[in-house]
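Q: Requesting a structural model of the entry that follows:
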Amino acid sequence: MSQQVPDTGTQDAVPARTGRITGVDAARALAVFGMFTVHLGVGSIGLLDGTAAEAFHQLTRGRSSALFAFLAGVSLALMSGHLAPLSGDPLYRVGMRVLVRAVVLALLGGLLDLLDAPIAIILTYYGGFFLLALPLLRLRAPALAAVAAGVAALGPQVSFLVRSAMGEPGYSAGSIGGVSDFLITGYYPACTFMAFVVAGMAVGRMDLRSTAVRVRAAAVGLGLVLLGYGGSWLLMYPLGGIDRLLAVEIEAFYGSAELPASDPAAMEPLRQWMAEQINALHGEVPTSSPLWLLVASPHSGTTFEIAGAVGTALLVLTACLVLADLLGDGLYPLTAAGSMALTVYVGHVVVIALIGASADQSAPFRLELFVAGALVLAALWHLILGRGPLERVLGRLARTGADLVVPPDPRPGPSPGPRA
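A: Below is the predicted model of the structure:
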């Protein structure tokens with residue numbers, strides 16, 4: 001996931017300041033560690049217990065994978081010209097690199113799925129996201145932002161209508177069972193996650209070193225968090241959406257929609273049960289009622305969730321950019337882990353498969369050991385050998401594929417922009 005921009009550009013490309021944007025690496029590491037938290041479970045958190053551990057685990061659910069996809073979009077934008085999109089042969093070379101990465105990531109995700117780790121592997125979906133992003137590499141920030149907004153506004157509603165017509169999709173034995181899983185019924189459906197990817201591409205077309213850009217990104221992020229999570233909460237609780245949804249679900253279960261609305265003591269357990277159902281989604285909402293589209297819980301795949309998760313990703317990214325400037329090498333272990341996020345992600349899946357970590361939800365400090373191990377190993381590897389092992393292999397395969405289609409230009413080109 002950590003790739004360099006190509007060494008060639010276009011004559012009309014806006015010159016970009018060189019050097020790695022380490023704040024992006026730091027944010028990517030946080031996304032991976034957030035997925036550690038989700039995959040290892042609440043009981044793996046040793047530094048927190050009880051309500052605090054539950055709250056931290058809940059904070060990482062859904063938002064970590066959304067941040068991961070968002071930062072993939074940032075990297076795609078940095079690879080394809082950063083401030084100004086590439087064109088001509090340089091763009092074709094980048095497109096071929098993205099295509100090769102898409103194929104390799106999809107195959108790698110399939111191999112990881114064979115390990116039977118109790119994890120919904122995101123890499124196969126990632127490969128599909130890269131393919132869908134190929135036609136968008138020419139676009140600038142405003143157009144990309146408009147596409148992301150369109151996917152966020154329409155994708156969940158289209159998914160709801162299509163799934164309503166399809167009926168129950170059935171159980172999928174692996175992380176992804178086919179095209180329908182990838183598009184609408186899987187753990188990371190494109191109708192939701194492409195909004196994160198394209199929003200990240202829009203952000204990657206901006207000058208991430210600019211203070212003004214960071215302030216605007218943080219302001220937009222805060223507004224989206226309030227709109228997504230706050231708007232859903234307002235509709236579901238003060239305005240009574242949860243009670244109406246509860247009536248629908250009770251009728252589906254018991255054949256009666258009668259609720260003891262006049263008895264607060266009787267209603268509270270029912271509302272708590274409904275809240276648990278809302279919080280237990282895995283990629284999309286049920287189609288029993290359009291009221292489900294008002295929720296914003298993790299992995300609900302609604303417009304409200306997309307808005308809140310994109311807002312969270314913007315806030316995390318801007319905070320990491322600022323911290324990277326302030327702390328410099330003080331963030332080195334974190335940025336090293338983020339620079340080899342693919343290696344770290346694959347490594348944690350393999351370890352979980354070998355030791356069955358998720359089978360034991362009462363193994364305190366297991367999360368801390370996973371994070372500390374990843375930080376130490378990544379820092380040492382990066383210090384001694386540089387680029388991560390899987391990143392190195394993926395980069396070579398991508399360059400080879402690009403060279404077969406468009407031979408590299410031996411003439412010196414413009415200075416490359418910041419590395420993704």
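Q: if we look at stretch 233-242, which residues are touching it?
A: The contact list for stretch 233-242 (Cβ atoms under 8 Å, 6 or more residues apart in numbering) reads 245, 271, 274, 275, 278, 291, 294, 295, 296. All C-beta atoms are positioned from the backbone trio N, CA, C, and that covers glycine.
Q: What are the buried residues along that stretch?
A: Buried residues in stretch 233-242, counted by 16 or more other Cβ atoms under 10 Å: 233, 235, 236, 241, 242.
Q: what stretches of the stretch 251-400 of the chain score poorly on pLDDT?
A: For the stretch 251-400 of the chain, the stretches with pLDDT under 70 are 252-264, 357-362.
Q: pLDDT score assigned to residue 41?
A: According to the prediction, residue 41 has pLDDT 89.
Q: That one against residue 57, yeah?
A: Yes: counting by Cβ atoms under 8 Å, residue 41 touches residue 57, with 7.5 Å between them.
Q: surely residue 202 meets residue 152?
A: No: between residue 202 and residue 152 there is no contact under Cβ under 8 Å: 12.0 Å.
Q: Which one of the two is surrounded by more residues?
A: residue 152 (26 against 23; other Cβ atoms under 10 Å).
Q: I figured the more buried one hits residue 310, correct?
A: Yes: look at residue 152 against residue 310 with Cβ under 8 Å: they come within range, at 7.4 Å.
Q: Find the residues that touch each one of the two.
A: 195, 199.
Q: could the buried residues of stretch 233-242 go into a markdown table alongside distance to residue 136 and secondary structure?
A: Output for these, formatted as a markdown table (distance: Cβ to Cβ, whole Å; DSSP: H, G, I helix; E, B strand; the rest coil):
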| residue | distance to residue 136 | secondary structure |
| --- | --- | --- |
| 233 | 32 | helix |
| 235 | 32 | helix |
| 236 | 33 | helix |
| 241 | 34 | helix |
| 242 | 37 | helix |
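Q: Which of the residues you listed lies at the shortest distance from residue 371?
A: Closest to residue 371 out of the buried residues of stretch 233-242 is residue 233 (30.7 Å), distances taken as Cβ to Cβ.
Q: quick one: the strands in this protein?
A: Counting by DSSP state E, the chain yields no residue ranges for strands.
Q: Which residues are in contact with residue 37?
A: 44, 45, 56, 57, 60, 64, 367.
Q: Using CSV, lay out these together with neighbour count and distance to residue 194.
A: CSV is the format used below for those (neighbours: other Cβ atoms under 10 Å; distance: Cβ to Cβ, whole Å):
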residue, neighbour count, distance to residue 194
44, 24, 31
45, 21, 31
56, 16, 28
57, 20, 26
60, 20, 22
64, 26, 18
367, 26, 30
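Q: Residue 339: which of these is nearest?
A: residue 64 (17.9 Å).
Q: What's the local residue count around the nearest residue to that closest one once chain neighbours are set aside?
A: Counting by Cβ to Cβ, 6 or more residues apart in numbering, residue 34 is the residue found nearest to residue 64 once chain neighbours are left out, at 2.8 Å. Residue 34 is flanked by 23 other residues according to other Cβ under 10 Å.
Q: cool, and the one 4 residues further on?
A: Neighbour count of residue 38, defined by other Cβ under 10 Å: 21.
Q: I figured it hits residue 60, correct?
A: Yes: here residue 38 reaches residue 60: they are 5.5 Å apart, a contact under Cβ under 8 Å.
Q: measure the residue nearest to residue 110 when sequence neighbours are not counted to residue 396 for me?
A: Excluding the flanking residues, the one nearest residue 110 by Cβ to Cβ, 6+ apart is residue 124, at 5.9 Å. To residue 396, residue 124 is 21 Å away according to Cβ to Cβ, to the nearest Å.
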